[in-house]
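Chemist: next input, structure requested:
(2 chains)
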Amino acid sequence: MSDVAIGAGKPLPDVTEEARVGRRRGVIARLLRQRSAVVGLLLLGFLVLVALLADVLATHDPIKVLLGVEPGIRPRTPPCVHLLGCTASLPEHILGLDGNGRDEYSRLIFGTRVSLFIGFVTVFGAILIGTVIGAVAGYAGGRTDNILMRLMDMLLAFPALLLALVIVTVLGKGLINAMVAVAIVSIPVYARVMRASVLSIRELDYVTAARALGDSPMSILLRRVVPNSLTPLIVQATLGIGTAVLEVAALSFLGLAAQAPTAEWGTMIGNERNQLFTAPWLILAPGVALTITVLAFNLLGDGLRDALDPRLSG
Amino acid sequence: MSPTFVFFLLGVPGVAGAPSVTWDRPPVIRFVVRRLLISIPVIFGVVFIVFLLSRIVPGDPCVAALGEHANPKSCEAFNARIGLGLPILPFVSKSGSDYSLTADPGSITNNQFFVYLGDLAHGDLGTSVKHGKPVTELLFERLPTTIELTFYALLFAIVVGVTLGIVAASRHNSKRDVLSMMFANLGVSIPVFVLGLMLAYAFGVLLKDTPFSLPPSGRLSAGFRFDTIPEAWGMTGLTGVPRGILDFLSNMYTINGLVTGQFGLFVEAIRHLILPAIALGTIPMAIIARMTRSSLLDVLGREYVRTAEAKGLRPRLVLFRHGLRNALLPVVTVIGLSVASLLSGAVLTETIFGLTGIGLTVFESISARDYVVIQGMALLVALIYVVVNLITDVSYGLLDPRVRVS
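Modeler: Residues are numbered from 1 along each chain as shown, chains lettered A, B, ... in the order given. Purely as a prediction, here's the structure:
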C-alpha cells in the first residue's frame, strides 16, 4: 500500500491528484474503522455544533446576573425544569444558578466555545513556533541545532503545568497570558517532531536533487520536508489540544487564567469549589463537559495515530 | 572539571591522560556516569530559566517580587540581596525593561546571575513575604507531605495500572479488554481537580454515614494527637542535622506511625491519603495501564511465547514469566515520566484536599503574590524531576543491557 509511506520518513514521489485523493480516502477509511476514533469524532462534532449554536441553545445571557431581575432567585438555586415537576411559579433554569446568580446551563454552553478556542489557538501557536525551531535546528545542524535542542530540553525539564504556572505569575493573570504560557510549555514537543522529520529526509536523494537543482532551503523545507512531517504533527496536535484545554482549565481553576465573568469551565469550577457540599451540580456539570472535551481529543488523537501511521500504534 | 577528566569518565580513548583501563570499566558504570554528566547542563538550565523568569518581569523587580509588600525599606533590602545595579548577565545589563550589551569585563564574574548562584550554593532561596521565613525552611516543613502524597499516588497508579493492563492484554479484544481501556481513556481525560472534588463529594457527603466514608480534607482529623519521632523515642534533646532528619520523617505521618508503633496515627493518615492519592494517581494509572497492555500484547506475540505455550506450560506461567517480565521494561519509563504529572497534579490535589505540602504552598503563594516562594518551589520541583528522570534512565539501563550499549 502506497500510503504506508506517509510518516515513514520516506520520500513521496510527485503523485497525481488522483492518487493523492485515493490516499486520503484510504486514511479516512482506516480512521473510520477505529472504534475510538469514531467515538472521538462524534464527541468532537457534537462539541463543535454546541459551540457554533451556542446563541440558539443557551436560554440566558451567560454573563448576566439574574439576581433582582427574576423573582424568587437566590445564588446557587438548584436546577429547576418545569417538565420534571419544578413548580411553574419558579423561573426555569436547567442547571440552576451559580454563586453570582447567572444561568449555569447557558454558561456551560458558551464555555464550549471558550474551551475549543483555547485548545485550537494555543496548539496552533505552539506548532507555529515549535515547527520553525525544529526545522531550523534540523536543517542547520551543528551548533545551532545543539543550542536550540538543549533549550528545548530545559523547558522539558519542568513539569508542564508548573512551568506554565510560573510563566503566568511573571506575565500576570489572564486567559491570554495563560494560553501563551501553555503554548510555550508545549513548544518542545512540536520542535522535536519537526526536527526528527527534517533529519530523516534531509539527506535523502530527492532532497539532494532538489538542492542540486537550485531550490532554496526555504522551498525545500516547505515543499519537501513539511508535507512529510505532517502525519506526526497532526497526531501530536490532536492529543496536544486535549492537554492544552486541560492545562488552561487547571490554571483557571487556580484563578490564574480566565477571570469571572467569562464562562470558562475551569473558572466555573474554581469559583464554586468551596460550595462542593451544598451545590455539587455547579462542579459536576462543567467537570463532565471538560472531561468529554479532553476525551474527544484523546480518542481522536489515538485513532489518527493508528490510522495514519500503523507502525506507531500500540 | 577539566575536559580530560570528563573524557576519562566517559571513556573516550586516545585522549592524553586517559588511561587504557577505561575499556575495562564495566559498561554499567560508564553508562551511569555518562547519564549523570548529561543531566548537569539540564540542571544548570533549569536554574537559569527560573532566574530569568524572576528577572525579565517588566518594571521594578522588587515590586514584582514583593507585590503589595513592596515599600522603600523592604525594596532596599531586596535590591541589595539580588545585586540590583549589577549587570544581569555577563555582558548584558538591564535598566527598567531595556536590555543593553556592556563591554565591561568585570561583568563576567560580577553579575546578578552569579549572585543568585551564590545564594543557591548557600541554600538561600530568599525569604517568603507571607510567612516571614526563609523559603528553604518552608520547603523543609512542607516537602514531607508532598513526598508522602506522591508516593501513595504512584503506588496506586502502579498497582492498579499494571493489573488493569494485564487484565486487558490477557484476553485481547474481549469485553474486559474494551472495558479496561475505556476506563483508562476516561482516566487520562478527567481533570485532577474534577476527579478530586467528585471523590470528596462521594466519600465525604454521599457515603458519610456508611463504613466507606472517608475524610474529604486535611491530613489528620482535627484534634488528633500524636508523638513526633523524637518524642516517641525519647530523643527530644537531639539537635542539629539528626534532629532535622527525624523531624522531616515525623512529618510523613505514615512513616512516623510505622516506626514509632503508633498504629492509630498510621490508620488515620492513610484514611486521609486515600482520596487524594486516587485523584492524583488516576492519570498515571491510566497511562501505565495502556502501556502495560500494549507492551504485553507485543511480547505475547513473540515466538518465544509461542514456544513456551507449545511446550505445554500453564498459561498463567507463560503470561507472568515469559510475558510480563519482558513487557515491564517500557512501563518503567512511563512510571518515571508520570512523576511529572504527579508533581504538577500535586498543586491541584493539595489545594482541593487542604494538604499543606509544596503544591498548596504554591497555590497560596499565587494568591498572596509571594513570588519568591513560587520560584523556589518551581526550582525544587524541577530538580526533583531531573533526578527522577536520571534514576529512571539508569534503572532502565540496568534492566535492559541493550540500552547501555547504544
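Chemist: quick check: closest non-adjacent residue to residue B:374.
Modeler: residue B:365 (4.9 Å; Cβ to Cβ, 6 or more residues apart in numbering or on different chains). C-beta here means a position set from N, CA and C on the backbone, and glycine is covered the same way.
Chemist: contacting residues for residue A:118?
Modeler: A:175, A:179, A:244-245, A:248, A:264 (Cβ atoms under 8 Å, 6 or more residues apart in numbering or on different chains).
Chemist: 6 Å - rerun?
Modeler: Each residue near residue A:118 by Cβ atoms under 6 Å, 6 or more residues apart in numbering or on different chains is listed here: A:245, A:248.
Chemist: now whichever strand or helix holds it: mean pLDDT?
Modeler: Taking DSSP states H and E as the definition, residue A:118 sits inside helix A:104-140. For helix A:104-140, mean pLDDT rounds to 93.
Chemist: let me know the next secondary structure element after it.
Modeler: Later in the chain than helix A:104-140, the nearest helix or strand by DSSP H and E is helix A:142-156.
Chemist: next one: stretch A:61-72 to chain centre, how far?
Modeler: 32 Å (Cα atoms, centre = their mean, to the nearest Å).
Chemist: can you give the contact residues for that stretch?
Modeler: So stretch A:61-72 is contacted by A:73, A:90-91, A:100-102, A:106-107, A:110, A:261, A:263 (Cβ under 6 Å, 6+ apart).
Chemist: ok, the closest residue to residue B:131 other than its chain neighbours - how many residues close by?
Modeler: Spatial nearest neighbour of residue B:131, excluding adjacent residues (Cβ to Cβ, 6+ apart): residue B:138 at 5.9 Å. Neighbours of residue B:138 under the rule other Cβ atoms under 10 Å in any protein chain shown: 22.
Chemist: again with residue B:391
Modeler: As a burial measure, residue B:391 scores 13 neighbours (other Cβ under 10 Å).
Chemist: from residue A:124, how far off is it?
Modeler: 36 Å (Cβ to Cβ, to the nearest Å).
Chemist: what about the residue nearest to residue B:131, helix or strand, and which?
Modeler: Assigned by DSSP H and E, residue B:138 belongs to helix B:135-170.
Chemist: flag every buried residue along the helix or strand that that helix is followed by.
Modeler: Note on helix B:135-170: by DSSP H and E, the next helix or strand toward the C-terminus is helix B:175-189. Across helix B:175-189, burial judged by 16 or more other Cβ atoms under 10 Å in any protein chain shown covers B:177, B:180-181, B:183-189.
Chemist: cool, and stretch A:205-220?
Modeler: A:207, A:210, A:215, A:220.
Chemist: then stretch B:348-365?
Modeler: Result for stretch B:348-365 [16+ other Cβ under 10 Å]: buried residues B:348-353, B:355-365.
Chemist: repeat that for stretch B:380-390.
Modeler: Taking 16+ other Cβ under 10 Å as the criterion, stretch B:380-390 shows B:380-386, B:388-390 as buried.
Chemist: distance to chain A for the residues you listed - can I get that in TSV?
Modeler: Below are the buried residues of stretch B:380-390 laid out as TSV (distance: Cβ to the nearest Cβ, whole Å):
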residue	distance to chain A
B:380	10
B:381	6
B:382	5
B:383	9
B:384	9
B:385	6
B:386	6
B:388	10
B:389	8
B:390	11
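Chemist: so which of those residues are in helices?
Modeler: B:380-386, B:388-390 (DSSP state H).
Chemist: was I right to think residue B:187 contacts residue B:284?
Modeler: No - with contact defined as Cβ atoms under 6 Å, residue B:187 does not reach residue B:284; the gap is 9.0 Å.
Chemist: ok, how many other residues are close to residue B:231?
Modeler: If you count neighbours by other Cβ under 10 Å, residue B:231 ends up with 13.
Chemist: quick one: name the residues of chain B near chain A.
Modeler: Residues of chain B lying near chain A by Cβ under 6 Å from any Cβ of the partner chain: B:42, B:45-46, B:49, B:53, B:57, B:189-191, B:193-194, B:197, B:201, B:205, B:294, B:340, B:343-344, B:371, B:374, B:378, B:381-382, B:385-386.
Chemist: show the buried residues in the residues you listed.
Modeler: Buried members of these, counted by 16+ other Cβ under 10 Å: B:42, B:45-46, B:49, B:53, B:57, B:189-191, B:193-194, B:197, B:201, B:294, B:340, B:343-344, B:371, B:374, B:378, B:381-382, B:385-386.
Chemist: now do stretch B:179-191: everything it contacts.
Modeler: Stretch B:179-191 has contacts (Cβ under 6 Å, 6+ apart) with A:246, A:290-291, A:294-295, A:298, B:164, B:167-168, B:282-283, B:285-286, B:289-290.
Chemist: what two of those are the furthest from one another?
Modeler: A:290 and B:167 (27.9 Å; Cβ to Cβ).
Chemist: settle it for me: which of the two has more neighbours?
Modeler: residue A:290 (27 against 17).
Chemist: residues of the helix or strand where residue B:270 lies that come out buried?
Modeler: Element membership for residue B:270 (DSSP H and E) is helix B:263-300. Under the neighbour-count criterion of 16+ other Cβ under 10 Å, helix B:263-300 has B:265-266, B:268-269, B:272-273, B:275-297, B:299-300 buried.
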